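Trainee: A structural model of the following input is requested.
(one chain, ligands or ions: 1)
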Amino acid sequence: MQRIVIRGGGELHGEIPISGAKNAALPLIAAGLLTAETLTLDNLPELADVGFMLGLVEQHGAALVRGPRHVEITAAEIASTTAPYDIVRKMRASVLVLGPLVARMGEARVSLPGGCAIGTRPVDLHLKGLEAMGAHIELADGYVHATAPKGLKGATIRFPFVSVGATENLLMAATLADGETVLDNAAREPEITDLALCLKAMGAEIEGIGTERLTVKGKASLHGARYSILPDRIETGTFAMAVGVAGGSVELVGARPDTLEDVIDVLDRCGVEAMATERGLRVKRNGHRVVGVDVMTQPYPGFPTDLQAQLMVLMATADGAAMITETIFENRFMHVPELARMGANVTVHGASALVRGVPRLKGAPVMATDLRASVGLVLAGLAAEGETVVNRIYHLDRGYERVEEKLRAVGADIRREAGE
Ligand code: EPZ
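Mentor: Sure thing, here's the model as predicted:
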């Protein structure tokens, strides 16, 4: 297995290009199943998860034409309405084909995604929403079997709490339902706005985009479209934290500061300057140590859970203490024991972690456990004295495009090598 080796200590200077958003690309690829015409996606990130999702829609019958950061998806016919376990178990986001398949074909058989390292990650809100729209749901042999022989009906669905995936699945299903659907307490992540804008370009009728109340008037069919995926705010936040950790000044080219307001506010409070520029976002930290700030993860527009591990690394070397509370997932502190091996002083109390800053971390061999924890360990290596080896970096490649190349281009001493 491959690993990444980092020698810490140097500052970062230069510019990093930001790729298209993974968590927009995945539902947008699934949306290709909603139409028999061609959906063309530009600014597609080159990621393992994108490859998995394209493979999934292909086995459902979509023809793909791929180019650099570009794909044309044509699901003229749906050959199979089954999303098999051996694909779904690799990537939970596969469950996003459920809504489009039931809406287009009147049925779908999708393997239950199962849990993952950060939590049980149930899909009950996805299923309850489809039932409200008239689908019959059966669970058998680890599969969800959803049928709606007479098609889906518009319904009013009020989410008891915010769910990105459930909002995306039901938004896509509603575009082909008969009548009007209201999604109340919907998630408002920029990736959902991107999906809604693309669905509109495909002929869907959606009101309330960007708000917690989405109203969809179903259509008999959707047509093809061409859509460019928004830049990845989590990748942007990750590299901004890297500058905070290592020091220096880097321009994140292509970044959309408007999708990161809460993150920029936290960076500002802890002493990392982040300024919008013509081309994106410039992040600077010169000389002085960051200071500890208390942060609680929240659904958008709050501080994103996908940046919690990276923030913890930044706080691990802060002057003072920081209380970080994870409110979205029940088990998203797996990076803590690994950071402790590098000398971080973190105490976990349930959903909160108290981080007491230390002047420097010490390089060590560490193990990646999930996508965002892995990149946190890379950031820790940038700040640590000596050498850090991050093993199991397949987690990293799922969500970050060429991360070591992007960091090396701004001066990091980092390389990828074949592991044992
Ligand atoms: C999406 O996951 C993202 N993944 C996650 O990013 C992100 O952390 C998460 O949203 C929160 O922002 C993609 O977009 C592909 P949720 P999702 O439904 O949709 C519970 C990354 O690193 N829940 O908003 O699975 C759930 O267990 C990944 O890129 C239910 O209980 O997240 C969680 O505790 C990690 N029942 C909470 O709600 C349901 O039916 C939020 O989950 C659905 C969710």
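Trainee: Pick out the residue of the protein closest to the ligand.
Mentor: Gly165 (2.8 Å; Cβ to the nearest ligand atom). Just so you know, the C-beta spots here come from the backbone N, C-alpha and C atoms, and that holds for glycine as well.
Trainee: What is the neighbour count of Asp184?
Mentor: As a burial measure, Asp184 scores 13 neighbours (other Cβ atoms under 10 Å).
Trainee: Gln310 now?
Mentor: When neighbours are defined as other Cβ under 10 Å, Gln310 has 28 of them.
Trainee: One more: the one 4 residues further on?
Mentor: By other Cβ under 10 Å, 31 other residues sit near Leu314.
Trainee: wait, what's in contact with it?
Mentor: Each residue near Leu314 by Cβ atoms under 8 Å, 6 or more residues apart in numbering is listed here: Met241, Gly244, Val245, Cys270, Val272, Val290, Leu379.
Trainee: that's a helix at it, yeah?
Mentor: Yes. Under DSSP: H, G, I helix; E, B strand; the rest coil, Leu314 falls within a helix.
Trainee: Pull up the gap between it and Ala62, please.
Mentor: 41 Å (Cβ to Cβ, to the nearest Å).
Trainee: Then Ser94?
Mentor: Distance, Ser94 to Ala62, by Cβ to Cβ: 14 Å.
Trainee: ok, the residue of the chain most remote from its centre - contacts?
Mentor: Distance from the C-alpha centroid of the chain peaks at Lys150, with 34.1 Å (Cα atoms, centre = their mean). Neighbour list for Lys150: Gly106, Gly134 [criterion: Cβ under 8 Å, 6+ apart].
Trainee: Alongside the ligand, which residues does the chain contribute?
Mentor: Counting by Cβ under 6 Å from any ligand atom, the residues of the chain close to the ligand are 22-23, 26, 93, 119, 121-126, 163-166, 305-306, 328-329, 371-372, 399.
Trainee: picking that back up, show me the two of the contacts of Leu314 that sit farthest apart.
Mentor: For those, the maximum inter-member distance is 14.1 Å, found between Cys270 and Leu379 (Cβ to Cβ).
Trainee: the more surrounded of these two?
Mentor: Legend: neighbour count by other Cβ under 10 Å for Cys270 and Leu379, higher for Leu379 (28 against 22).
Trainee: ok but the more buried one is inside a helix, no?
Mentor: Yes. Counting by three-state DSSP, Leu379 is found in a helix.
Trainee: Just the pLDDT for it.
Mentor: Leu379 is assigned a predicted lDDT (pLDDT) of 97.
Trainee: ok, the closest residue to Tyr85 other than its chain neighbours - contacts?
Mentor: Once flanking residues are discounted, Tyr85 sits nearest to Ser111: 4.0 Å by Cβ to Cβ, 6 or more residues apart in numbering. Contact partners of Ser111, counting by Cβ under 8 Å, 6+ apart, are Ala83, Pro84, Tyr85, Ile87, Val88, Arg89, Ser94, Gly142, Tyr143, Val144.
Trainee: mind putting these in CSV, secondary structure included?
Mentor: As requested, the contacts of Ser111 are exported to CSV (three-state DSSP):
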residue, secondary structure
Ala83, strand
Pro84, coil
Tyr85, helix
Ile87, helix
Val88, helix
Arg89, coil
Ser94, helix
Gly142, coil
Tyr143, strand
Val144, strand
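Trainee: I'd like to know which of these are buried.
Mentor: By neighbour count, with 16 or more other Cβ atoms under 10 Å, the contacts of Ser111 hold Ala83, Tyr85, Ile87, Val88, Ser94, Tyr143, Val144 as buried.
Trainee: and the helix or strand containing Thr388, which residues are buried?
Mentor: Per DSSP states H and E: Thr388 is located in strand 387-391. For strand 387-391, a neighbour-count test (16+ other Cβ under 10 Å) marks Thr388, Val389, Val390, Asn391 as buried.
Trainee: okay but the third one is in contact with Met1, surely?
Mentor: Right, Val390. No. Using Cβ atoms under 8 Å, Val390 is not in contact with Met1, being 11.1 Å away.
Trainee: In the sheet, which residues pair with Asp184? Tell me.
Mentor: Asp184 has these beta-bridge partners by DSSP bridges: Arg158, Arg213.
Trainee: Verify the stated contact: it with Phe161.
Mentor: No. Shown here, Asp184 and Phe161 do not form a contact pair, counting by Cβ under 8 Å, at 11.9 Å.
Trainee: Quick one: low-confidence residue ranges for the stretch 51-200 of the chain.
Mentor: 114-118, 120 (pLDDT under 70).
Trainee: Quick one: the helices in it, in order.
Mentor: With DSSP state H, counting those that start in this stretch as the criterion, the stretch 51-200 of the chain has helices at 85-88, 98-105, 124-132, 164-174, 190-201.
Trainee: Indicate which one of these is closest to Gly411.
Mentor: Closest to Gly411 of the helices of the stretch 51-200 of the chain is helix 190-201 (Cβ to Cβ; 29.6 Å).
Trainee: Check the contact between Ser374 and Arg392; I expect there is one.
Mentor: Yes. Using Cβ under 8 Å, Ser374 is in contact with Arg392, at 7.4 Å.
Trainee: what touches both of these two?
Mentor: Ala368.
Trainee: shouldn't Tyr394 be in contact with Met1?
Mentor: Yes. Using Cβ under 8 Å, Tyr394 is in contact with Met1, at 6.8 Å.
Trainee: out of the two, which sits in the more crowded spot?
Mentor: With neighbours defined as other Cβ under 10 Å, Tyr394 and Met1 compare such that Tyr394 has more, 13 against 9.
Trainee: what sits against the more buried one?
Mentor: With Cβ under 8 Å, 6+ apart, Tyr394 has these contacts: Met1, Gln2, Ala48.
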